[in-house]
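K.L.:
When you get a sec, could you give me coordinates for this:
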Amino acid sequence: MKKLLPLFGVLLLTSIMPLPAPAVEANPITSTLGVIVGAPIGGIAGLFRGALSKGTEYADDFSEGLGDGLLGRVIGVPTGLIVGHVTGGLTGIVKGVVNGVKEGIDDPLSAGSASLEGDFLDFEPYDMDL
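P.N.:
Here you go, the predicted model:
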């Protein structure tokens with residue numbers, strides 16, 4: 001029994017130890033530089049892309065929702081532009097920074113890490129890939 005006690009102690013210790021972390025595939029210096037560069041550029045690009053994409057989308061949606069006539073356009077377009085620019089811009093900043101950090105680690109210094117991937121107005125600031 002005295003010989004089994006150290007064996008049980010080792011088994012208990014190894015069972016509660018955390019698993020080793022997977023090896024980092026990317027260069028840590030490049031990944032760090034990707035985050036440092038990607039987060040601010042992604043935030044600025046996300047601000048402009050989110051504001052413009054949601055501003056144009058909401059201007060059309062609001063005017064169509066109000067009847068798409070003269071009165072619908074006079075009220076809907078400016079209201080949609082303001083609401084879309086504000087909400088799209090604010091959430092675009094957050095998505096741009098998240099893309100800068102996430103993509104900056106995985107794929108440093110790429111168009112995705114700077115939120116510049118795809119068409120300029122084809123940007124969905126509300127869709128966060130965390």
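K.L.:
Could you use CA atoms for every contact and neighbour count after this?
P.N.:
OK.
K.L.:
Give me the contacts around stretch 80-94.
P.N.:
With contact meaning CA atoms under 8 Å, 6 or more residues apart in numbering, stretch 80-94 is reached by 42-63, 125-126.
K.L.:
Just to be sure, which of the residues you listed are found in helices?
P.N.:
Judged by DSSP state H, these include 42-63 as members of helices.
K.L.:
pLDDT weak spots in the protein?
P.N.:
Applying pLDDT under 70 to the chain flags residues 1-27, 130.
K.L.:
Distance from the chain centre to the helix or strand encompassing Ile105, please.
P.N.:
Take DSSP states H and E as the rule and Ile105 turns out to sit in helix 70-106. Relative to the centre of its chain, helix 70-106 is centred 13 Å away, using CA atoms, centre = their mean, to the nearest Å.
K.L.:
in that helix, what counts as buried?
P.N.:
72-73, 76-106 (16 or more other CA atoms under 10 Å).
K.L.:
Can you show me the CA trace of stretch 73-92 as CSV?
P.N.:
Extracted in CSV, the C-alpha atoms of stretch 73-92 (Å, rounded to 0.1, in the frame of the first residue of the first chain):
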residue,chain,number,x,y,z
ARG,A,73,-38.3,60.4,-49.4
VAL,A,74,-38.3,63.8,-47.7
ILE,A,75,-38.6,62.2,-44.2
GLY,A,76,-37.2,58.8,-44.7
VAL,A,77,-33.9,59.5,-46.5
PRO,A,78,-32.5,62.0,-44.0
THR,A,79,-33.7,60.0,-41.0
GLY,A,80,-32.3,56.8,-42.4
LEU,A,81,-29.0,58.4,-43.3
ILE,A,82,-28.6,59.8,-39.7
VAL,A,83,-29.7,56.6,-38.0
GLY,A,84,-27.7,54.4,-40.3
HIS,A,85,-24.5,56.6,-40.1
VAL,A,86,-24.6,56.7,-36.3
THR,A,87,-25.4,53.1,-35.6
GLY,A,88,-23.4,51.7,-38.4
GLY,A,89,-20.4,53.9,-37.6
LEU,A,90,-20.3,53.0,-33.9
THR,A,91,-20.7,49.2,-34.4
GLY,A,92,-18.3,49.5,-37.3
